[in-house]
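Peer 1: no FASTA, just this:
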């Protein structure tokens with residue numbers, strides 16, 4: 001019975017598409033590796049322009065989005081995703097106290113989670129898997 005559940009979970013994850021928008025390459029790469037280990041199709045970009053360009057070309061189930069980007073605005077990316085791909089779910093990560101009161105959920109309709117960027121990669125992957133698996 002457990003094997004059937006594991007296989008079903010792996011199947012759902014295999015079809016989950018994820019875009020990571022993270023300015024710090026080493027952190028983005030770490031998250032990407034963890035998500036790919038779960039069988040997810042992961043694209044990684046570092047800027048608002050790159051994220052918007054990719055959202056114009058490819059559909060995503062989940063967007064892991066650092067609230068503070070070196071180039072551009074994460075909220076602009078979330079807004080564009082809400083317009084272009086309204087079913088895409090956003091998981092914000094941050095190393096700041098901005099929106100620590102939970103108000104980020106009122107600024108962007110597609111936000112599903114708000115995590116510190118220090119969240120262990122396995123935990124972030126579990127959150128992504130959770131929000132991606134109920135889409136399929």
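Peer 2: Cool, got the structure. All values reported here derive from a predicted model rather than from experimental measurement.

Peer 1: where does pLDDT dip in the protein?
Peer 2: For the chain, the stretches with pLDDT under 70 are 1-14, 96-108, 134-136.

Peer 1: same thing but at 90, please
Peer 2: Counting by pLDDT under 90, the chain contains low-confidence ranges at 1-15, 92, 94-117, 131-136.

Peer 1: now the strands for it?
Peer 2: For the chain, applying DSSP state E gives strands covering 17-21, 41-45, 62-66, 89-94, 111-116.

Peer 1: and the first one, how far out from the chain middle?
Peer 2: Yep, that's strand 17-21 we're talking about. 5 Å (C-alpha atoms, centre = their mean, to the nearest Å).

Peer 1: that strand packs against which elements?
Peer 2: The contact analysis (3 or more C-beta pairs under 8 Å, 6 or more residues apart in numbering; DSSP states H and E) places strand 17-21 against helix 25-37, strand 41-45, helix 48-57, strand 62-66. (Glycine included, C-beta is placed from N, CA and C.)

Peer 1: can you add distance to residue 72 and mean neighbour count and give the strands of the chain back as CSV?
Peer 2: Formatted as CSV, these follow (distance: least, C-beta to C-beta, whole Å; neighbours: other C-beta atoms under 10 Å):
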stretch, distance to residue 72, mean neighbour count
strand 17-21, 9, 26
strand 41-45, 10, 19
strand 62-66, 11, 26
strand 89-94, 15, 23
strand 111-116, 17, 16
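
Peer 1: nearest to residue 128, out of those?
Peer 2: Ranking these by proximity to residue 128 (C-beta to C-beta) places strand 62-66 first, at 5.2 Å.

Peer 1: quickly list what the residue most central in space within the chain is bridged to.
Peer 2: Centroid check for the chain by C-alpha atoms, centre = their mean gives residue 64 as the closest residue, at 2.0 Å. Here residue 64 sits in beta bridges with residue 20, residue 91, going by DSSP bridges.
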